[in-house]
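1. this one's sequence-less:
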């Protein structure tokens, strides 16, 4: 009886030891690492793809428009304009205290003007220039700012329509009597234009009313001569997608 009990004990011990050995072998050799590696690879790929998309989205969307021009597309507000190939688009700058990204503004300027602007910024930061860029001769050729409705326009006051706002703006600014508004119509959209000051090179405001909001162009290079032909062409190329 004792021998039988002893034999069963030995058999049971062998089974337990075998089970433990097999379990240990399975634990260290199961395909878990492969799955984890594959999962990690997929996650990393997705993360990289997302980061690439985000980084790409921060860059202006440009395409060849032919005739030495490129088309800029603003997906956020659904419009396009055509600019010369040697011009740059500024979606995130800060000029004259205006933060482009926070105020739905886009700037357009030649590459030469861009280089000058960057140098002036550096000189001001290093104390070599008294004023920040744009407060004297700094270039900021053209900009466009988007507003959802007439009520969102600056200094709107009691004005309830776009026409009333433009009329009020005209009444408040000193007109340049020598200059005639150069842009009367942009596409098929209702368009208003006026001058915001009476300096030698008056700033021309061109207000375009569309189904996707109100777009206010500021042509800071406007003058009585034909030097601002590029800026006018950019404004007139404006289209809603």
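-> Everything's here; your move. Not measured: the values here are computed from a predicted model. Numbers count the residues shown, from 1 in each chain.
2. any regions of the chain where pLDDT drops low?
-> 1-58, 96, 134-140, 156-157, 159, 174-181, 197-202, 221-227 (pLDDT under 70).
3. could you break it into its assigned domains?
-> Using automatic domain parsing, the domain ranges for the chain come out as 2-56, 60-240.
4. what segments of the protein are helices?
-> The residue ranges that make up the helices of the chain, judged by DSSP state H, are 2-29, 32-57, 111-125, 162-172, 229-236.
5. how close does the nearest residue to residue 218 once chain neighbours are set aside get to residue 127?
-> In space, and not counting its chain neighbours, residue 218 is closest to residue 143: 5.1 Å by CB to CB, 6 or more residues apart in numbering. Yep, even glycine has a C-beta here, placed from its N, CA and C like the rest. Between residue 143 and residue 127 the computed distance is 28 Å (CB to CB, to the nearest Å).
6. repeat that for residue 117.
-> Residue 117 is 18 Å from residue 127, where distance means CB to CB.
7. comparing these two, which residue is more hemmed in?
-> Neighbours around residue 117 and residue 127, counted as other CB atoms under 10 Å, are more numerous at residue 117. The numbers are 21 against 7.
8. if you skip the residues just before and after it, what's nearest to the more buried one?
-> In space, and not counting its chain neighbours, residue 117 is closest to residue 133: 5.5 Å by CB to CB, 6+ apart.
9. the one you found contacts residue 113, correct?
-> No - counting by CB atoms under 8 Å, residue 133 sits too far from residue 113 to count as a contact (10.6 Å).
10. quick one, which of those two is more surrounded?
-> A count of neighbours by other CB under 10 Å puts residue 133 above the other of residue 133 and residue 113, at 23 against 18.
11. number of residues surrounding residue 172?
-> Around residue 172 sit 9 other residues, with neighbours defined as other CB under 10 Å.
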